[in-house]
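J.: any chance you could fold what I've pasted below:
(2 chains)
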Amino acid sequence: MDPIKNKIQNTSKETRQDLYGRIISYSCIILIVVVVLSIFFFVASKGIATFTINHVNLWNFLSGKNWNPAVTDDSGHAELGALPMIVGSFGVTFLAALFATPFAVGTALYMTEIASHRDEKFLQSVVELLVGIPSVVYGFIGLSVVVPFIRHHFGGSGYGILSGAIVLFVMVLPTITSMTVDSLRAVPRFYKEASLALGATKWQTIYKVILRAATSGILTAIIFGMARAFGEALAVQMVIGNNAVMPKGLFSSASTLTSVLTMGIGNTVMGTVSNNALWSLALILLLMSLVFNIIVRLIGRKGRMQS
Amino acid sequence: MKTKVENQVALAIIRLIAILVVVILAFLLGDILLAGVPHISWHFLTAPSQSFTSGGGIGIQLFNSIYLLVLTLIISFPISLGAGIFLAEYAPKNFLTAIVRMAIEVLSSLPSVVVGLFGFLLFVVQLKMGFSILSGAIALTFFNLPLLTRNIEESLAAVPTLQREAGMALGLSKWRTVTRIILPEALPGIITGVVLGAGRVFGEAAALIYTAGQSATNIDFTQWNPLNSASPLNMMRPAETLAVHIWKINSEGVMPDANAVSAGSSAVLIIAVLLFNLLARVLGNALYRKLTASKTN
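T.: Modelled structure (predicted):
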C-alpha cells in the first residue's frame, strides 16, 4: 500500500501510546473508586444485618444504655444499646478538640506572625515529626504518663474519658496546628499591610483581620482533627478503660465505638448477633467520617463565597 | 495606651502557648526516649519476643514491619501513580471527576480501624487468606492510596504547563510527555511523599490487628524460599508488626518486662519516623539538585 496513505489512515504510534496511557491511568482510578464503594458496601451490608436479620430496633440500638450482646431480654432480643459508646466517642472527640484548638491556633499564630525565620523552621519540623508519630506510641505515652498522673491527682483508676481526651489532644494538636498554619499563610499579605498601615497594633491585626480571613481554614483544621480523634482506635482503647457503660464522669472508665470494635471483633463469631452489632458500630463510624467530610465541604463552600 | 498594653499581653500569651506546646511535647517524647533508648541493644533489636519471661526482643516484629512496608509500597505505588497521572493530566473537568476526587477524600478520612475491618471481612474471611502479611499489605494499601495519590497529583500539577506544551509541540503523545518529561521533573516531590507515607504505614497498627494478625510465628532466617512456611518472605504467614506488638503487650500482655519492651519499641518507632522524615528531606533535595542543577527546593 502507499506509505503515505497508510500513515494517514492508520492510527499512529503516538495515538496508540496515548490510548495505552489512558487505559492504565483510568483503570487505576477506577480501582480506587471500586475500593471505596466496596468498603461502604461490605461494612453497610454487615452493619444493617443487625436491623434486618436480627430485628433490632434502630432507635433502641442508638438510644439504649445497656450493651450486653450475650444477654437477651424478656422479648428475646439481645441487649444492644450503643449509646454509651456513642457518648464516649463524642465525649473524647469534643474534649480533645476543645483542649487542642487554643493551643493549636496560638502555636500557629506564633509560627506565622511572631517567630523569627529560624524558630518557624524549627517548629515546622517539630510539628511535621509529631504528625508522623504512630498512634500506639501516643497510647503508650498515655498509659505510662497520663493515666498515673490522673490516678494520682484526681483519684479513681486513672482510666477514663479525660485520659482518652488528653491522649487525643496530644495526637490532634500537630494535625490542627499544621493545617491552621497553612490557612494563616494563605491570608493575602496586603490584608496585613493595610491593617498595619491604618495604625492597628499587631494584636489588633491578628484578631480583627488575620483570624477573620482564615476562619474557614481554621474550622476545617478543627474538623479534620475531630475526624482523626473520632476514628482513632488503639491510642484511646489503651487508656479509656474499656467499660461499656454510660460514662458517669470524666474519671470513670468508659468506652468508645472504636475501642469496643478492636476488643470485640476477635472474640465474636461471624454472623452472630453480637458480631453483627459490632459491624453496626463500624457503620456508625463510617457514616460519621462521611458527616465530617460533608461539614468540611460546606465550610469550604462558605469560605469561598465570602472571599 | 490601652491598646498597646493589650497588644503586649496578647502577644505574650501567644508566645506562652507556643512555648507550652513545645514543653509538653518535648516532655512526652523525652519521657519515652529516656525510658526506651537505654533498652535498645543489638540483642533487643534481633532477638525473638518472649511471652512469659523477660529479656525478649523485637527482632521478628521489626522484620515484619519492614517487610510489610516494602510489600505495601510495591502494591500501592503503581496504582497511585496511575491514579495521580489521571487526576493531574487526563481528568476532564466534570461531575464524574468531582465524584472520584470526593471518593479519594473519603477514603483518606476513613478511620483506619474500619479499613482494617474491611480487609478482615474481604480478605481474611471471604477470600480465606487468613491472617497474613498479604492481607495486611492490602489493607495498608487502602490506607496509603489516597495520601500517595494526592501527593503525586500535586507534584505533577506543580510542573509548569509550558513543559506539556513543549512536549506536544514536538509531536510527542500525551502519555510520552507525561512519563518522559513531567514525571522526572515531579520526581523529587513524589519521592518525598512516598517516604513520608512510608513513615505512616510503618507505625500503623489499627488496620493490621485483624488483617496481618497479632501473632509472630517463629521464622527461620536461613530459609529464604518464599513458599516455605517458616521463611521470612512467606506472604501467607501471620505477622505481628512492631506497632501491633506495643499495643498487644500493653492491653493483654503478661510479659514481666512489658513496660521496658514497649518503651524500647516506642523509641524504635519514634526514631524510625525521625529517620523517614530526614530521609524524605535529604532524598528530595538530592534528587532536585541532580535533576534541575539548582540548589534549593
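J.: flag the helix or strand of the chain with the lowest per-element mean pLDDT.
T.: Answering for chain A, as no chain was given. Lowest on mean pLDDT, DSSP states H and E among the helices and strands of chain A sits strand A:67-72, with a mean of 71.
J.: if you could check chain B rather than the one you did, that'd help
T.: The weakest-scoring helix or strand in chain B, judged by mean pLDDT, DSSP H and E, is helix B:42-46 (a mean of 78).
J.: where does the chain have low pLDDT?
T.: Answering for chain A, as no chain was given. Scanning chain A for pLDDT under 70 picks out the ranges A:1, A:70-78, A:303-307.
J.: think we crossed wires, I meant chain B
T.: B:51-55, B:253-255, B:292-297.
J.: residues contacting A:Met226?
T.: A:Thr93, A:Phe94, A:Ala96, A:Ala97, A:Val172, A:Phe292 (CB atoms under 8 Å, 6 or more residues apart in numbering or on different chains). In this view, the C-beta of every residue, glycine as well, is placed from N, C-alpha and C.
J.: then B:Glu204?
T.: Here B:Glu204 is in contact with A:Pro134, B:Ser112, B:Leu140, B:Phe143, B:Ala243 (criterion: CB under 8 Å, 6+ apart).
J.: give me the number of residues near the closest residue to the first one other than its chain neighbours?
T.: If the residues on either side of it in the chain are set aside, A:Pro134 comes closest to B:Gly203, at 2.5 Å by CB to CB, 6 or more residues apart in numbering or on different chains. A total of 24 residues lie near B:Gly203 under the criterion other CB atoms under 10 Å in any protein chain shown.
J.: isn't B:Gly203 up against A:Phe140?
T.: No - using CB atoms under 8 Å, B:Gly203 makes no contact with A:Phe140, being 11.6 Å away.
J.: hang on, the earlier thing: quick check: next helix or strand after the least confident helix or strand of chain B?
T.: Heading C-terminal from helix B:42-46, the first helix or strand you meet, by DSSP states H and E, is helix B:59-85.
J.: circling back to that earlier point, what about the least confident helix or strand of chain B, distance to the chain center?
T.: Chain-centre distance of helix B:42-46: 23 Å, with CA atoms, centre = their mean, to the nearest Å.
J.: same thing with stretch B:221-233?
T.: 25 Å.
J.: hmm, back to that, just the buried residues of the contacts of A:Met226.
T.: Among the contacts of A:Met226, those scoring as buried are A:Thr93, A:Ala96, A:Ala97, A:Val172, A:Phe292 (criterion: 16 or more other CB atoms under 10 Å in any protein chain shown).
J.: relative to chain B, which of the residues you listed is nearest.
T.: Relative to chain B, the closest of those is A:Phe292; by CB to the nearest CB it sits at 6.5 Å.
J.: quick one: contacts for that closest one?
T.: A:Phe292 sits next to A:Ile223, A:Phe224, A:Met226, A:Ala227, A:Phe230, B:Ser109 when contact means CB under 8 Å, 6+ apart.
J.: do the same with B:Pro146
T.: Contacts of B:Pro146 were listed using CB under 8 Å, 6+ apart, and they are A:Ile32, B:Ile104, B:Glu105, B:Leu107, B:Ser108.
J.: mind checking how far it is from B:Ala137?
T.: If you measure B:Pro146 against B:Ala137 using CB to CB, to the nearest Å, the figure is 16 Å.
J.: please apply the same query to B:Gln61.
T.: 16 Å.
J.: repeat that for B:Val5.
T.: The gap separating B:Val5 from B:Ala137 is 60 Å, by CB to CB.
J.: same deal with A:Lys13?
T.: Applying CB to CB to A:Lys13 and B:Ala137 gives a distance of 37 Å.
J.: could you pick out the longest helix of chain A?
T.: Using DSSP state H, we find that the single longest helix of chain A is helix A:13-52.
J.: so does that helix get close to chain B?
T.: Yes - using CB under 8 Å from any CB of the partner chain, we find that helix A:13-52 touches chain B at A:13-15, A:17-18, A:20-22, A:24-29, A:31-33, A:35-39, A:42-43, A:46.
J.: okay, now A:Arg212: neighbour count?
T.: Neighbours of A:Arg212 (other CB under 10 Å): 12.
J.: for it, give its distance to chain B.
T.: 15 Å (CB to the nearest CB, to the nearest Å).
J.: which SS class is that residue?
T.: Classification of A:Arg212 using DSSP: H, G, I helix; E, B strand; the rest coil returns helix.
J.: where along the stretch 151-297 of chain B do the helices fall?
T.: Using DSSP state H, counting those that start in this stretch, the helices of the stretch 151-297 of chain B run over B:161-169, B:174-177, B:183-203, B:242-251, B:258-292.
J.: which helices and strands sit right next to the second one?
T.: Identification of packing neighbours for helix B:174-177 by 3 or more CB pairs under 8 Å, 6 or more residues apart in numbering or on different chains; DSSP states H and E yields helix A:13-52, helix B:161-169.
J.: now do the same contact list for the residue of the stretch 51-200 of chain A found nearest chain B.
T.: Proximity of the stretch 51-200 of chain A to chain B (CB to the nearest CB) peaks at A:Pro134, 2.5 Å away. A:Pro134 is in contact with B:Phe202, B:Gly203, B:Glu204, B:Ala205, B:Ala243, B:Leu269, B:Val273, counting by CB under 8 Å, 6+ apart.
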